[in-house]
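Visitor: A predicted structure for the sequence below; I have some questions about it.
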Amino acid sequence: MTKSVITYLNENREILLQRLYEFLKIPSVSTDRAYKEDVKNAAMFVIDYLNELGFNHVEKIATSKHPLVFAEYNEAGEEAQTVLFYGHYDVQPVDPIEEWLSDPFIPEIRDGRIYARGASDDKGQVFMHLAVFEAYMKTKGKLPVNVKICIEGEEEIGSENLYSVLQQNKEKFAADFVVISDSGMVAKNQPTILYGLKGFTGLEVTVKGPDQDLHSGLYGGAVRNPVMALTQILASMKNEDEIITVDGFYDDVKPLSQQERELISKVKGEDYRTTTGVKETVSEKGYTVKEHTMARPTFEINGIYGGYQGEGTKTIIPATATAKITCRLVPGQDPVHIQQLLTNHIEKVTPTGVEIDVKQEKLSFKAYMVEPDHPLIQKAAICYEKAFEKETVFVRMGGSIPVVEWLDSLYDIPIILLGFGTPEDRLHSPNESFPLDSFDKGMKTIAYYWNEVGIV
Ligand SMILES: [Zn+2]
């Protein structure tokens with residue numbers, strides 16, 4: 001039973017908040033060398049807390065930049081599952097500082113929100129887990145699950161060393177499942193299970209024509225224009241129905257089940273016309289906008305350049321033209337294979353008279369998904385509902401979280417994303433904040449969850 005745990009959290013709320021403020025006060029900006037000591041201090045905050053909680057082993061793993069905190073608790077019993085909890089204690093820079101209404105490193109409560117850098121991303125959410133562990137230890141003397149902790153200090157700079165640390169210590173971090181609280185809910189007080197993320201790949205294509213820009217009056221009619229050739233190539237890759245026309249692109253895409261279509265239809269989505277200013281939305285033929293953004297692959301041209309960009313006219317045939325292309329992928333699609341298909345297509349449709357150079361993006365990863373009816377997901381949904389007193393919605397996201405892909409590729413175990421942020425949190429921006437409501441109900445959700453998945 002979790003009654004005493006919840007009572008502990010309620011009765012100690014003020015003390016816990018004060019301790020969270022101490023964490024938030026440390027300016028652990030990982031990208032800026034000037035804060036190196038502060039980043040270390042934030043790691044120490046986590047280490048001290050875990051030691052105090054009575055974790056069996058707490059360790060600071062040094063990397064070439066910022067340390068990673070590893071800890072282990074193994075007294076839940078042999079039958080108990082082991083969860084790997086991932087989070088990060090580093091934060092984004094605060095610039096532009098003049099736009100903050102209060103000091104980013106002096107937490108302040110306004111209108112039911114904690115304002116501070118890292119309040120939502122991710123110190124606030126990491127802290128909630130530590131506080132729930134505390135509540136269990138103080139009231140039950142033990143945790144219902146065996147726990148491994150991986151809290152890094154480099155998330156905001158691309159987790160430079162995380163993958164190699166995990167790879168070199170694969171056994172050490174091994175667990176039955178993963179819990180991450182570094183994401184959000186679709187709306188305030190709307191319990192949300194994020195059960196899928198898209199994969200990612202991309203490439204850059206350069207079309208090369210003459211050795212240098214040419215006079216269009218002298219050479220127009222004799223030489224293929226690289227900008228024209230590039231736009232012809234690009235136009236052949238997706239049609240007006242938003243269907244990607246690259247051979248084999250959809251071959252490995254898992255079809256969207258009826259169950260998922262129903263889940264997606266229940267999500268009250270963003271009104272894109274209001275938030276983006278477009279007059280009309282588009283989506284892949286046969287799919288709704290929500291289905292396309294959440295669960296179908298996309299192809300985007302992110303940038304295109306070539307030829308004269310200055311004022312007035314310059315009558316040339318440009319020597320080159322370049323486009324940057326990225327795709328968001330869904331489960332089943334292999335990013336390296338997709339890069340190859342895109343490259344094959346480009347080579348096939350390139351007109352004569354120009355050469356192409358295709359650079360394949362190195363940062364590629366597969367999509368991630370846990371089945372929404374997986375017991376660990378269903379239990380999470382029940383715990384959210386109990387804490388927030390509202391029905392949980394299930395969503396997949398168009399974005400990607402690299403750590404999820406790495407943990408998935410290394411361990412192939414369920415990864416449960418228990419996010420408590422809200423769309424108003426302003427992550428990475430001035431005036432980042434986190435609702436006290438999420439703080440309270442989030443800790444309850446976590447407390448219920450350990451009880452559901454563990455042995456008490
Ligand atoms: Zn984060």
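Guide: Structure's in. What do you need? Numbering: from 1, shown residues only.
Visitor: could I get stretch 41-60 in PDB with only the CA atoms?
Guide: The C-alpha atoms that make up stretch 41-60 are tabulated as PDB, following Å, rounded to 0.1, in the frame of the first residue of the first chain:
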ATOM      1  CA  ASN A  41      28.300  20.400  -7.900                       C
ATOM      2  CA  ALA A  42      25.000  19.400  -9.400                       C
ATOM      3  CA  ALA A  43      26.300  15.800  -9.800                       C
ATOM      4  CA  MET A  44      27.400  15.900  -6.200                       C
ATOM      5  CA  PHE A  45      23.900  17.000  -5.200                       C
ATOM      6  CA  VAL A  46      22.500  13.900  -6.800                       C
ATOM      7  CA  ILE A  47      25.300  11.700  -5.300                       C
ATOM      8  CA  ASP A  48      24.800  13.000  -1.800                       C
ATOM      9  CA  TYR A  49      21.000  12.500  -2.000                       C
ATOM     10  CA  LEU A  50      21.400   8.900  -3.200                       C
ATOM     11  CA  ASN A  51      23.900   8.100  -0.500                       C
ATOM     12  CA  GLU A  52      21.600   9.500   2.100                       C
ATOM     13  CA  LEU A  53      18.800   7.400   0.700                       C
ATOM     14  CA  GLY A  54      20.800   4.300   1.300                       C
ATOM     15  CA  PHE A  55      21.500   3.100  -2.200                       C
ATOM     16  CA  ASN A  56      24.000   0.200  -2.000                       C
ATOM     17  CA  HIS A  57      26.400   1.700  -4.500                       C
ATOM     18  CA  VAL A  58      26.800   5.200  -5.600                       C
ATOM     19  CA  GLU A  59      29.400   6.200  -8.100                       C
ATOM     20  CA  LYS A  60      30.600   9.200 -10.100                       C
END
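Visitor: How far does that stretch sit from its chain's centre?
Guide: 26 Å (CA atoms, centre = their mean, to the nearest Å).
Visitor: Please work out the average pLDDT along that stretch.
Guide: For stretch 41-60, mean pLDDT rounds to 98.
Visitor: what comes into contact with that stretch?
Guide: Contact partners of stretch 41-60, identified using CB atoms under 8 Å, 6 or more residues apart in numbering, comprise 22-23, 26, 28, 66-75, 89-90, 123, 126, 130, 133-134, 137, 147, 149, 151, 153. Where C-beta positions appear, they are placed from N, C-alpha and C, glycine not excepted.
Visitor: switch the cut-off to 7 Å
Guide: 23, 26, 28, 67, 69-75, 89-90, 130, 133-134, 137, 149, 151, 153 (CB atoms under 7 Å, 6 or more residues apart in numbering).
Visitor: buried subset of those?
Guide: The neighbour count (16 or more other CB atoms under 10 Å) marks 23, 26, 28, 67, 69-73, 89-90, 130, 133-134, 137, 149, 151, 153 as buried among those.
Visitor: Show only the entries of the residues you listed found in strands.
Guide: In strands, judged by DSSP state E, the following of the buried ones among the contacts of stretch 41-60 are found: 69, 70, 71, 72, 73, 149, 151.
Visitor: wait, doesn't the second one sit right on residue 61?
Guide: Meaning residue 70. Yes - between residue 70 and residue 61 there is a contact under CB atoms under 7 Å: 5.5 Å.
Visitor: remind me which residues of this protein are low pLDDT?
Guide: Scanning the chain for pLDDT under 70 picks out 455-456.
Visitor: Excluding chain neighbours, what is closest to the residue of the stretch 351-456 of the chain found nearest the ion?
Guide: Residue nearest to the ion within the stretch 351-456 of the chain (CB to the ion): residue 427, separated by 7.1 Å. Distances taken as CB to CB, 6 or more residues apart in numbering put residue 121 closest to residue 427, at 4.3 Å, once the chain neighbours are dropped.
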